[in-house]
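S.K.: Quick one: sequence plus predicted model below, questions after.
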Amino acid sequence: MRTGKTKYVSLADTIAGMGRQVADSLNYADSYLPYNVTPKEIFHILKQNTTYKHDPVGVELLQSMPSLMDDNYWGHSGWGDCDCFTITGIACCTVRGYKTKYVVVGNSKTAPSHVYFQVHDGKKWVDFDLVAPYYGVTKPYKYQNSFPIIEKQLY
């Protein structure tokens, strides 16, 4: 288990760190979930077990799924922010065979403020944002950029 607690450097650095945390989360995610689950069911399982908590000031806290659920920085299972939730959701969807891609959003190109991911449910790409209240929903932002996840980055 590893929790990446570092000073914020850049969006690219954060995405790379998230990829490392996803890789560290795959075995845990496999043991955490039932086998035949849809992305929507994964969303509801995780939504019931996560609570939004801002990062410490000036720190980019990237928690792997084992850290988020069992050895939490805050001392409370499931407490994290959008990047922690994205790491966990991607790990869960990946181990159940669903393709995913990061989505970075904000209100300007120079100030991204939120990350979530999309999952391909076998028919279409669907927003998977554990900060949002419902599966398939996210808040509208002016700026959006998707980053495909390359399997080589995860294993």
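M.R.: Looks like it arrived, so ask away.
S.K.: Only C-alpha atoms from now on, for both contacts and neighbour counts.
M.R.: Will do.
S.K.: where in the chain is pLDDT low?
M.R.: The chain contains residues with pLDDT under 70 at 1-7, 109, 146-155.
S.K.: Pull out the buried positions in the strand of greatest length in it.
M.R.: As assigned by DSSP state E, the longest strand anywhere in the chain is strand 112-120. Within strand 112-120, the residues scored as buried using 16 or more other C-alpha atoms under 10 Å are 112, 114, 115, 116, 117, 118, 119, 120.
S.K.: continuing past that strand, what's the next helix or strand?
M.R.: strand 125-128 (DSSP states H and E).
S.K.: Partner strands of that next one and their direction?
M.R.: Strand 125-128 sits in its sheet next to strand 112-120 (antiparallel), going by DSSP bridges.
S.K.: so how far is the strand it pairs with off the chain centroid?
M.R.: In terms of C-alpha atoms, centre = their mean, to the nearest Å, the centre of strand 112-120 is found 8 Å from the chain centre.
S.K.: ditto for stretch 60-68
M.R.: Using C-alpha atoms, centre = their mean, the offset of stretch 60-68 from its chain centre is 10 Å.
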